[in-house]
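# could you look at this predicted model? Sequence included:
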Amino acid sequence: MNEHDFEKLLDLYGSDVARWPENEREEASALLAQSRSASELLNAQATVEKHLADAMLVPETYGLEQKIMARFATHKQRFDVRYWLEFIWKPAFAASCSLVFGFYLGAANQELRTDLEEDLAHVTFYDYESWSGDSEDES
Amino acid sequence: MDQPTLKADSDEYLMQRVQQRDEAAFSILVQRHTRSIHAFIYRLCGNRNDAEDLSQETFLRLWQRAANWTPDTVRFTTWLHQIARNLCIDQFRREQSHKRTSNQENIATEDSTIDSLEADAQRQATFDAFRKLPERQRTAVVLCQVQGWTQQDAAKVLDTTVDGVQALISRGRRTLRDGLVKNNE
């Protein structure tokens, strides 16, 4: 392991070498024993982590839960209307689409049926005429 | 169902109750997760007032968007942190668009000896450098280094892979360390 490798592992796992993967630990410890720059890198990383931990201390909040519940009570009704609307808009949209499609299909079918009936009527009438004509001739 | 009965129930069960608009279940989730969500938001945005406002907003979103949560895809806490993170991103965008001057709080302690002032200055510099990290690096550092989350869980909040999280943490750590070294020179 060289210093470049060490720095990469330091970026990845942080300053606590004990938490590094087992196969890297031994080599890292050997490098730390002989390389001053590796030790400096490790110290810098440890300092950053300590500063960050100090800076990340969260101030105490008082009554935040109550504030959340109070705000919730104020807006609840509006939220619920929106929630149910969001909940039902998809099935409602799907149902409307099928309804429109059904009407369209029904109307188109009806047109087709009327045309067919007209054709049938014609065919029947002409067939009858020609049939009756033929039969007169025969007699 | 009354609160004492629900208090022992898992987040996932309570969330299913919230999906059926159960206010008692919602109230327990608020009690259970307010501190951790507030801490996460405070660490990301570094401002006490914003952290309180965004924490409130996170739980209101939980109620509003309860239908979007599915137990099979993501754990409840991960989902809640995703909501909080999205709100923080919106807040950062608003800040940038308004070119608001930074109102981040100083982290100096009450102790005011010269040594501690120096240490405070260093801490402040680290915190300022942290604030300048890209949002994804900051979130990865907060979740994995400060809050001790696994990289797998952090990956879900950040919508990336474990390799992606490792890359984000590595870059973040390197930037902060380089900043500290430069500051000391």
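All right, it came through fine.

# what's near enough to touch A:D5?
By Cβ atoms under 8 Å, 6 or more residues apart in numbering or on different chains, the contact set of A:D5 is empty. In short, each C-beta sits where N, CA and C put it, glycine included.

# that one and chain B, how far apart?
Counting by Cβ to the nearest Cβ, to the nearest Å, the separation of A:D5 from chain B is 13 Å.

# taking the mean pLDDT, what do you get for the helix or strand in which that residue is found?
Taking DSSP states H and E as the definition, one finds A:D5 inside helix A:3-13. When pLDDT is averaged over helix A:3-13, the result is 92.

# go on, stretch B:160-173?
The model assigns stretch B:160-173 a mean pLDDT of 95.

# quick check: what element follows the helix holding A:D5 along the chain?
helix A:22-34.

# what sits against the residue nearest to B:R17 when sequence neighbours are not counted?
Once flanking residues are discounted, B:R17 sits nearest to B:A25: 3.6 Å by Cβ to Cβ, 6 or more residues apart in numbering or on different chains. Taking Cβ under 8 Å, 6+ apart, we find B:A25 in contact with B:M1, B:L6, B:D9, B:L14, B:M15, B:R17, B:V18.

# now list the buried members of the residues you listed.
Neighbour counting with 16 or more other Cβ atoms under 10 Å in any protein chain shown marks B:L6, B:L14, B:M15, B:R17, B:V18 as buried within those.

# can I assume B:R17 is in contact with B:L6?
Yes - contact criterion Cβ atoms under 8 Å: B:R17 and B:L6 qualify, at 7.3 Å.

# between these two, which contacts overlap?
Between them, B:R17 and B:L6 share the contacting residues B:A24, B:A25, judged by Cβ under 8 Å, 6+ apart.

# ok so, going back, let me know the pLDDT of the residue nearest to B:R17.
95.

# which strand or helix spans it?
Going by DSSP H and E, B:A25 is in helix B:23-45.

# ok, now B:A51?
According to DSSP H and E, B:A51 maps onto helix B:48-64.

# show me which residues of chain A sit near chain B.
A:7-8, A:10-12, A:14, A:41, A:44-45, A:47-49, A:51-56, A:58-59, A:61, A:64-65, A:67-69, A:71-72, A:75-76, A:79-80, A:82-83, A:86-87 (Cβ under 8 Å from any Cβ of the partner chain).
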